[in-house]
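Colleague: Need coordinates for the below:
(2 chains)
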Amino acid sequence: MIVIFHVKNMHCGNCAMVLEGLEDELPGITKIAASYHKQQLEVEFDESQLNLDKIIQAARQKGYDLVLSE
Amino acid sequence: MITIISAFITGLTAGGLSCLAVQGGLLASSIASQVEQNIKRGVKGKASLTHPLLLFLFAKLVIHTILGFLLGWLGTILQLTPLSRAILQFAIGIFMIGNALRMLNIHPIFRYFVFEPPAFIRRYIRKRSKNSDQLVTPLVLGAMTVLIPCGITQSMMTLAVAIANPLSGAALMFAFILGTSPVFFLVAYFTTQLGAKLEKGFSTFVAILLIILGLFSIYTGSNLIALPSLSGSASSVSINDLPVNPFTRAEPVQNGATITINVENHGYRPNHLQAPANQMITLNLITQNTISCSQAFVIPALNQQILLPDTGTKVMQIPPQDSGTILRFSCSMGMYTGDITFN
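Modeller: Just a heads-up that it's a prediction; the model follows:
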């Protein structure tokens, strides 16, 4: 499954690196890409191992609020 | 020298916090794993933290000095004319102001004033930071900061190109990164929480400082734009008529007027001169232990530029100018200025 989140509080390029660190913490993420310019996070993950709530919770622990893009 | 001191001060103030915001994650990663390893090995106290921190900062300093050298060398190849330098100064100024407006969250468009490294570079840096190697990891991560320059560092990099001298470029970047180091060291040494509070408190200050620096860059760039001749007659010199020779050494003209400018570290003396119109003018430029950007003397309207030695006299020939003409001159960075009025 591929989802795109709007990230409310990215304030520099380092934020993109921090968010992409979710790949190392959450099993089931196959691909992840964050963009400070676009203020978004794209995640491809295995639905059998991970769900949207876990991703949002993990990002919140890092200090970022994710909103699912339509 | 003034430019290098300014770079150091910029690093000490605006650059330190700006770079910390972008590269702080690398620094934290570099330190965290090392501290953990040191504790397991029984290394206690300040040594567990300062060792990887100093390695990180050392690597960052070395790699950026090398980068400054390469950028300064690139500037010599590009052979910037005064107009090109002016455009570069404008670009630097706009870039700095754009970054400041980004920091103030004025509009989303200003996010694009920061270079975002490609995803594969971010991934490699992230993976590398997980490595627990005692010596190599902080050194490698420190060196990798060159791949994720903050907005102000990018501005300094363009300035290094504009300087058009490898050693000066290296000195500029060395001074700037050295200036950023105390902030990195202090913030990391105490707590990252303290760093977050500092960043929040000083972000507006940093942005305002960036705007001032940006406006100054635009101002110095404007000094490098040739002013049109006030008389506008056929005897005015065309830019295409004159050679651009960095080491002009013409013989003094016997029947022309001679004017002299002392080229000093902080500018030109005198910086407002009078000269007779409608005759060839010999301009003597005298330096004495002068080590400054003022040595790169430019007359934009004539598209003439000359690089002066630390000590000595160089001669420039100014073609006849109509009465009422005001020729502006400046250093190659547009910081030190003056003019010659023809009557």
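
Colleague: got the residues of chain A near chain B?
Modeller: Neighbours of chain B within chain A, by CB under 8 Å from any CB of the partner chain: A:11-14, A:16-18, A:20-21, A:24, A:33, A:35-37, A:39. Heads up, the C-betas are built off the backbone N, CA and C, glycines and all.

Colleague: what do you get if the cut-off is 7 Å, keeping everything else the same?
Modeller: A:Cys12, A:Gly13, A:Asn14, A:Ala16, A:Met17, A:Val18, A:Glu20, A:Gly21, A:Ala33, A:Ser35, A:Tyr36, A:His37 (CB under 7 Å from any CB of the partner chain).

Colleague: Name the spans of the stretch 1-150 of chain B whose pLDDT lies under the cut-off.
Modeller: For the stretch 1-150 of chain B, the stretches with pLDDT under 70 are B:1-3, B:14-15, B:17-18, B:20-50, B:79-80, B:115, B:128-136.

Colleague: Could you rerun that using 90?
Modeller: B:1-59, B:72-105, B:108, B:110-150 (pLDDT under 90).

Colleague: ok, back up a step: tabulate the residues of chain A next to chain B (JSON lines), appending neighbour count and secondary structure.
Modeller: Formatted as JSON lines, these follow (neighbours: other CB atoms under 10 Å in any protein chain shown; DSSP: H, G, I helix; E, B strand; the rest coil):
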{"residue": "A:Cys12", "neighbour count": "25", "secondary structure": "coil"}
{"residue": "A:Gly13", "neighbour count": "25", "secondary structure": "helix"}
{"residue": "A:Asn14", "neighbour count": "21", "secondary structure": "helix"}
{"residue": "A:Ala16", "neighbour count": "26", "secondary structure": "helix"}
{"residue": "A:Met17", "neighbour count": "25", "secondary structure": "helix"}
{"residue": "A:Val18", "neighbour count": "20", "secondary structure": "helix"}
{"residue": "A:Glu20", "neighbour count": "20", "secondary structure": "helix"}
{"residue": "A:Gly21", "neighbour count": "21", "secondary structure": "coil"}
{"residue": "A:Ala33", "neighbour count": "17", "secondary structure": "strand"}
{"residue": "A:Ser35", "neighbour count": "18", "secondary structure": "strand"}
{"residue": "A:Tyr36", "neighbour count": "22", "secondary structure": "coil"}
{"residue": "A:His37", "neighbour count": "16", "secondary structure": "coil"}
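
Colleague: Now compare those residues and name the two farthest from each other.
Modeller: Among those, the pair separated by the greatest distance (CB to CB) is A:Gly21 and A:His37, at 18.9 Å.

Colleague: Just the CA trace of the helix or strand of chain A with the lowest mean pLDDT, in CSV.
Modeller: Using mean pLDDT, DSSP states H and E, helix A:13-20 stands out as the lowest-scoring helix or strand of chain A, at a mean of 81. In CSV, the C-alpha atoms belonging to helix A:13-20 read as follows (Å, rounded to 0.1, in the frame of the first residue of the first chain):
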residue,chain,number,x,y,z
GLY,A,13,15.9,19.5,5.5
ASN,A,14,16.9,17.5,8.6
CYS,A,15,13.2,16.8,9.3
ALA,A,16,13.1,14.8,6.1
MET,A,17,15.9,12.6,7.3
VAL,A,18,14.4,12.2,10.7
LEU,A,19,11.0,11.1,9.2
GLU,A,20,12.7,8.7,6.8
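
Colleague: just checking, next helix/strand downstream of that helix?
Modeller: Later in the chain than helix A:13-20, the nearest helix or strand by DSSP states H and E is helix A:22-25.

Colleague: what's the average pLDDT for that next one?
Modeller: Per-residue pLDDT values over helix A:22-25 give a mean of 88.

Colleague: tell me which residues of that helix are tucked away?
Modeller: Going by neighbour count (16 or more other CB atoms under 10 Å in any protein chain shown), the buried part of helix A:22-25 is A:Leu22, A:Glu23.

Colleague: so what does it touch, helix or strand wise?
Modeller: When contacts are defined as 3 or more CB pairs under 7 Å, 6 or more residues apart in numbering or on different chains; DSSP states H and E, helix A:22-25 sits against strand A:29-35, helix A:52-61.
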